[in-house]
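**Student:** I would like the atomic coordinates for the input below:
(2 chains)
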There are 2 protein chains.
Amino acid sequence: MALIVQKFGGSSLESAERIRAVAERIVATKKAGHDVVAVCSAMGDTTDELLDLAKQVNPVPPRRELDMLLTAGERISNALVAMAVESYGATARSFTGSQAGVLTTERHGNARIVDVTPGRIQDALDEGHICIVAGFQGVNKETRDVTTLGRGGSDTTAVALAAALGADECEIYSDVDGVYTADPRIVPNARKLDKLCFEEMLELAAVGSKILVLRSVEYARAFNVPIRVRSSYSNDTGTLVAGSMEDIPVEEAVLTGVATDKSEAKVTILGIPDKPGEAAKVFRAVADAEINIDMVLQNVSSLDDGTTDITFTCPRADGPRAVELLTGLGSHKVLYDDQVGKVSLVGAGMKSHPGVTADFTEALRDVDVNMELISTSEIRISVLIREADLDKAAHALHDKFQLGGEEEAVVYAGTGR
Amino acid sequence: MALIVQKFGGSSLESAERIRAVAERIVATKKAGHDVVAVCSAMGDTTDELLDLAKQVNPVPPRRELDMLLTAGERISNALVAMAVESYGATARSFTGSQAGVLTTERHGNARIVDVTPGRIQDALDEGHICIVAGFQGVNKETRDVTTLGRGGSDTTAVALAAALGADECEIYSDVDGVYTADPRIVPNARKLDKLCFEEMLELAAVGSKILVLRSVEYARAFNVPIRVRSSYSNDTGTLVAGSMEDIPVEEAVLTGVATDKSEAKVTILGIPDKPGEAAKVFRAVADAEINIDMVLQNVSSLDDGTTDITFTCPRADGPRAVELLTGLGSHKVLYDDQVGKVSLVGAGMKSHPGVTADFTEALRDVDVNMELISTSEIRISVLIREADLDKAAHALHDKFQLGGEEEAVVYAGTGR
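**Tutor:** Have a look, this model is predicted:
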């Protein structure tokens, strides 16, 4: 008998019919002899509808109250899932984030889990109940106010609960049935992976894979919680994310996949004096504005006037703010470009395959794609290219490294929270 | 500076526009120099919509989960009211029943408040905030599970909070602007009362007035909390419910009003042996089935066979169940009649006006209405008549005791929770 945590996203819960299907799966797991904790997001469009109501009463809704409002969404879906579970002959108890002991920082709308004290969940499990826990929400450890965790928060709730309860596996259900070697909507012969390690999943999440949110993978790695990515529409065993790169024998280390990202913009600051402290001023200003930067390049200093140029990428949503900020900083000229895309290759096998970078750049050359920025980690190569070249580049890399399968992948619509 | 508790029902909160109007009123009270706690029900049809969803996933939803589901309704409306309040330049904090310290019995769907520990509300008031508290809900003192209070629960929440906080007044806002001498939809010249005492309001609530739910008036009387019944659509000062009958000088005691009730049915059991214990068996059986009985009549024993008849009234919804129960009890013949109505006259002045019963019966005789059952208290006369005669009887009594005003009353549509 194992303890399984199952997480269901909003698209898996968008109707009474879908809720009943989810409940059937939960009860089947219980009847197979396991203890089950199900973490559920809000139903389909609930969050958007509540946000719309909020805007109608206050164009700039206070964040504490916005969290109070949005957390009603999971309360509804979780109670409904519990009711549906009982209709299949099992007993269920639903719990809010607060009741489940999900303690967070105070930052409304984007709180972080600081501790999980699942005493009530453990008691209910010991009494033989299936536990249904509201994802995405917690309670401020200091003030006891209700908080939300930000994007992908339900995944993080599931992993954090699995860690606190010592669960054997955390299953993340959505509308995709696993982690693929590339986005199947771009590369039709993308292949589903059976298994990858935490580091590979972290790199994929960091460079644009939407399957799992970065924070939940970091949490899973820190507490060594195996994650299984599955579809709520099929019985496929999905993809297991577990284990450290260090434990993979060299001969088994492979290249995992290609990821693409259209969410970033490129900012270039020209004519920065090439002396200590000048670049730091730029990055401090950006950091103080809470803008995350990703790739960074500093040119070799110009011999003519002792100045240099700095280029970085940041989320497109923050781009205009970054430009305004940097323009106000001094007499620098600032260039902005949001027609860029990032394509990345990830895999633990990169460490033991010295020719990867050469193959990577040749593959792009062969399809006439120009590279504007390059950044690498131990198990990843990313390049910034024109956004219009992104699909072509992904195809070329996927083929070059022979990542594809024989069949076309099945693609489902929709996304979860 | 006073502390005012204001309660707003679902019809006062049915849209973003109405929520903003409510918020404006709350802020106006605050700006007049008072501390304000607003207790809000769920928006308009939310509860019905949630119940509908519940039925779709489980025809017999478990009550614990039903409470978890329904309490999302107040969470939504309260957060929205708090947001709207902030848009009018005040600061607001919304609280769930649990956060407000509303502790209840364990009976899901119909819990009773056993204690209120509003420490967080008092702290927020002390910091200058307007507090918005979810009505209708609390938390089981033992298990910490979320509960709901049943019909009119938000009124009770407001009064209980007002008592616990030592508030100066509890304003109950709905779509009627006060307590009338009769239902204005039946008696067009019904007059709004400026003031009545707790006992009069209790009698009116007990005999069919829907203005305030009985439990909230009992609570207000026990803790001596003045209630003001007001409309959220006007600035009328409404009706004050305060003080005890004992404190009204005899010369000021008047007749308060006429109430009508079409919700009861009449059950008659024929041929009960006229000896000790036989009637008790009947009432014990009905009580064990949790059916509330109202008026009771036992006939004079028949000399022929030493049997008697017992007649009582109970809610129509419970009528068929009562008949089935009593028929199964023995060889009695049971008659059922749901074409009955009850008309009542209430007023502290009844004590000092000996001719009231005579006037009452003559008024009904004059319009040819037959009385089937009579019951009285110190300040009330009620009679059971044909339902079809109810409006005629109410008119006749209202006229006979000169309760009417000069103008026709204004009638608003809709009801609150």
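
**Student:** which residues of the stretch 301-417 of chain A score low on pLDDT?
**Tutor:** Low-confidence segments of the stretch 301-417 of chain A, defined by pLDDT under 70: A:301-303, A:331, A:406-417.

**Student:** now do the strands in it.
**Tutor:** A:307-315, A:333-337, A:340-346, A:373-377, A:380-386 (DSSP state E, counting those that start in this stretch).

**Student:** same thing with the stretch 51-200 of chain A?
**Tutor:** A:92-95, A:102-104, A:113-116, A:130-134, A:137-140, A:146-148, A:169-174, A:195-196.

**Student:** partner strands of the shortest one and their direction?
**Tutor:** So the one you mean is strand A:195-196. Here strand A:195-196 is paired, per DSSP bridges, with strand A:239-241 (parallel).

**Student:** swap in the second one?
**Tutor:** Using DSSP bridges, the neighbouring strands of strand A:102-104 in the sheet come out as strand A:113-116 (antiparallel), strand A:137-140 (parallel).

**Student:** how far does the last one sit from the chain's center?
**Tutor:** Chain-centre distance of strand A:137-140: 20 Å, with CA atoms, centre = their mean, to the nearest Å.

**Student:** give me the contact list for it.
**Tutor:** A:67, A:70-71, A:74, A:96-98, A:102-106, A:111, A:113, A:145-149, A:153, A:157 (CB atoms under 8 Å, 6 or more residues apart in numbering or on different chains). C-beta: built from backbone N, CA, C; applies to glycine.

**Student:** narrow the residues you listed to those that are buried.
**Tutor:** Neighbour counting with 16 or more other CB atoms under 10 Å in any protein chain shown marks A:67, A:70-71, A:74, A:96-98, A:102-105, A:111, A:113, A:145-149, A:153, A:157 as buried within the contacts of strand A:137-140.

**Student:** thinking again about what came up before, just name the most buried of the strands of the stretch 301-417 of chain A.
**Tutor:** strand A:340-346 (a mean of 26; mean count of other CB atoms under 10 Å in any protein chain shown).

**Student:** ok, now which ones touch the residue of the stretch 151-300 of chain A found nearest chain B?
**Tutor:** Relative to chain B, the nearest point of the stretch 151-300 of chain A is residue A:232 (15.7 Å; CB to the nearest CB). Shown in contact with residue A:232 (CB under 8 Å, 6+ apart): A:8, A:9, A:12, A:18, A:21, A:22, A:25, A:173, A:174, A:175.

**Student:** helices or strands up against the helix or strand bottoming out on mean pLDDT in chain A?
**Tutor:** The weakest-scoring helix or strand in chain A, judged by mean pLDDT, DSSP states H and E, is strand A:296-298 (a mean of 87). Counting contacts by 3 or more CB pairs under 8 Å, 6 or more residues apart in numbering or on different chains; DSSP states H and E, strand A:296-298 is packed against strand A:307-315.

**Student:** buried set for stretch A:149-166?
**Tutor:** Neighbour counts over stretch A:149-166 (16+ other CB under 10 Å) mark A:149-150, A:152-165 as buried.

**Student:** let's have the strands of the stretch 51-200 of chain A in TSV, adding mean pLDDT.
**Tutor:** Below are these laid out as TSV (pLDDT from 0 to 100):
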stretch	mean pLDDT
strand A:92-95	98
strand A:102-104	97
strand A:113-116	96
strand A:130-134	98
strand A:137-140	97
strand A:146-148	97
strand A:169-174	95
strand A:195-196	94
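
**Student:** in JSON lines: those strands, plus distance to residue B:122.
**Tutor:** Below are these laid out as JSON lines (distance: least, CB to CB, whole Å):
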{"stretch": "strand A:92-95", "distance to residue B:122": "28"}
{"stretch": "strand A:102-104", "distance to residue B:122": "24"}
{"stretch": "strand A:113-116", "distance to residue B:122": "27"}
{"stretch": "strand A:130-134", "distance to residue B:122": "28"}
{"stretch": "strand A:137-140", "distance to residue B:122": "19"}
{"stretch": "strand A:146-148", "distance to residue B:122": "20"}
{"stretch": "strand A:169-174", "distance to residue B:122": "41"}
{"stretch": "strand A:195-196", "distance to residue B:122": "54"}
